[in-house]
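S.K.: Requesting a structural model of the entry that follows:
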Amino acid sequence: MTIKSIIFDLGNVLIDWNPHYLYSDYFESKDKLDYFFENVCTNAWNEEQDGGREIKLATEDLVKQYPEWEAAIRDYYGRWTEMLKGPIEETVEIFRKLKKNKDLKFYALTNWSAELFPYALQKYEFLHWFDGRVVSGEEKMRKPFPGFYKLLLTRYDLKPEETLFIDDNLRNVKAAEELGINCIHFQSPKQLREELRRRGFGV
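M.R.: Just a heads-up that it's a prediction; the model follows:
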C-alpha cells in the first residue's frame, strides 16, 4: 500500500525537549535530581497537563503534596522554555526534503499542553509546514490512547494503511501499530533517514 501521509511526533523528533536542560545543575546532588523526577515532577504528572489539565491547578496541587519542593515545582512550568534546546535540525531538514513530494500530506500528532503550544508555534516556523495537527492538550486526550490517533485519522480522512507515523516513544509507536498504522520508532535523524530511504522516500 502506498504511503500518502506522514505523521510526525514533535518533542524529541523535531524539537529537542528535555527537563534536564533546566534541572541538571539545579540540585546539590544527583540523588536529589533523580528523586525529583521519579517522585515529584514525574512523566506521568507532566502527561496530565499534556492531556488538558490546567497548569496552575496541577502546580498548586503538587506544591500542597510536596511543599519542601515548591520552588522546583513552580519552575517546571515557570521556566519551561529552558527545557527547549531548539529544533533538531537534521530531522527538520528531512521534513523539508519530504515536503518536496507533492503527493504526500503531513500531520503532527503531539502530546503537548494547550497552554504551552502557542509558544512553540510562534518560535518554530516549521510547525506551520503541516497540513494539519492534533494537539493533546487542546483535545483533552493524548497518546497512547487509541482515541487520540483515531481523532487525527477521522479529522483528516486518513487510512491507517496509507499513513506513516514517526515517534521517539516506543509505547506510542506500538499503540499506533495496533490501529494498523505504519510506524518508524525514531532514534536519531540518521536512523530515520535510513528507514525512510528503505521505504523508498528520497531524503
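S.K.: Name the surrounding residues that touch whichever strand or helix holds residue 95.
M.R.: Assigning secondary structure by DSSP states H and E places residue 95 in helix 89-98. For helix 89-98, the external contacting residues (Cβ atoms under 8 Å, 6 or more residues apart in numbering) are 6, 8, 13-14, 104, 106, 126, 129, 186, 189-190, 192-193, 196, 201-203. Bear in mind the C-beta positions are built from the backbone N, C-alpha and C, glycine included.
S.K.: one more time with 6 Å, if that's ok
M.R.: Helix 89-98 is touched from outside by 13-14, 126, 189, 193, 203, with contacts defined as Cβ atoms under 6 Å, 6 or more residues apart in numbering.
S.K.: Go through these and flag which are in helices.
M.R.: Residues of these located in helices (DSSP state H): 189, 193.
S.K.: Helices of this protein, residue ranges please.
M.R.: 20-23, 30-35, 43-50, 55-65, 70-78, 89-98, 117-123, 136-139, 146-155, 170-178, 189-198.
S.K.: which of the residues in the first one are buried?
M.R.: By neighbour count with 16 or more other Cβ atoms under 10 Å, helix 20-23 contains the buried residues 22-23.
S.K.: List the buried residues of stretch 31-49.
M.R.: Applying 16+ other Cβ under 10 Å to stretch 31-49 flags 33, 36, 40-41, 45-46, 48-49 as buried.
S.K.: quick one: which two of the contacts of helix 89-98 are the most distant?
M.R.: The largest separation in the contacts of helix 89-98, counting by Cβ to Cβ, is between 126 and 193 at 16.7 Å.
S.K.: re the thing from before, who wins for most neighbours among the contacts of helix 89-98?
M.R.: Sorting these by how many neighbours each has (other Cβ atoms under 10 Å) puts residue 14 first, at 26 neighbours.
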